[in-house]
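Enquirer: need coordinates for the below:
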Amino acid sequence: MENSKLKEPGPERSSEDLSLQSVLPLALAGVGERIRIISLRGGRGFNDKLVSMGLKVGDEIKVIHRRPGGAVLIAKDGIRYAPGVVMAQKILVAEI
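Expert: Presented below is the predicted three-dimensional model:
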């Protein structure tokens, strides 16, 4: 009979297993919050688009405005970005 215990997470943990930080989609971040981009949940094209805009994992950003439904206005180094609701759901962030 097989062992019914769950395996402990090992070194092969994915980038989506993000320790004890409180991680949430950018679409849910509050206005005025300073946050860090922790993970991107899109495909290669999505990641490439964000990098071409000047955003990447590890960047510190501030939420300037949030619209009901998920679209947000953010700022990084004095530059403002306005990812739509779909993009904002795929960008995972944590408070700094």
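Enquirer: give me the contact list for whichever helix in the chain runs longest.
Expert: For the chain, the helix that runs over the most residues, judged by DSSP state H, is helix 44-53. Where contact means CB atoms under 8 Å, 6 or more residues apart in numbering, the residues beyond helix 44-53 that reach it are Leu40, Gly42, Lys56, Tyr81, Met87, Lys90, Ile91. Every C-beta, even on glycine, is put in place using the N, C-alpha and C of the backbone.
Enquirer: which of the residues you listed are buried, as a PyMOL select command?
Expert: Buried members of these can be picked out in PyMOL with the line below, counting by 16 or more other CB atoms under 10 Å:
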select buried, resi 40+81+87+90+91
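Enquirer: return the subset of the contacts of helix 44-53 lying in strands.
Expert: Within these, membership in strands is found for Leu40, Tyr81, Ile91, as judged by DSSP state E.
Enquirer: need those residues in CSV (columns: distance to Ser22 and pLDDT).
Expert: Converted to CSV, these look like this (distance: CB to CB, whole Å; pLDDT from 0 to 100):
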residue, distance to Ser22, pLDDT
Leu40, 18, 94
Tyr81, 22, 95
Ile91, 15, 96
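Enquirer: hang on, the earlier thing: please convert the contacts of helix 44-53 to CSV, extending it with distance to Ala27.
Expert: Written out in CSV, the entries for the contacts of helix 44-53 read as follows (distance: CB to CB, whole Å):
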residue, distance to Ala27
Leu40, 14
Gly42, 13
Lys56, 18
Tyr81, 14
Met87, 9
Lys90, 9
Ile91, 8
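Enquirer: max pairwise distance over the contacts of helix 44-53: which two?
Expert: Across the contacts of helix 44-53, no pair lies farther apart than Gly42 and Tyr81, at 15.3 Å, counting by CB to CB.
Enquirer: contacting residues around stretch 81-89?
Expert: Under the criterion CB under 8 Å, 6+ apart, external residues in contact with stretch 81-89 comprise 25-27, 41-42, 46, 50, 53-55, 61, 69-75, 91.
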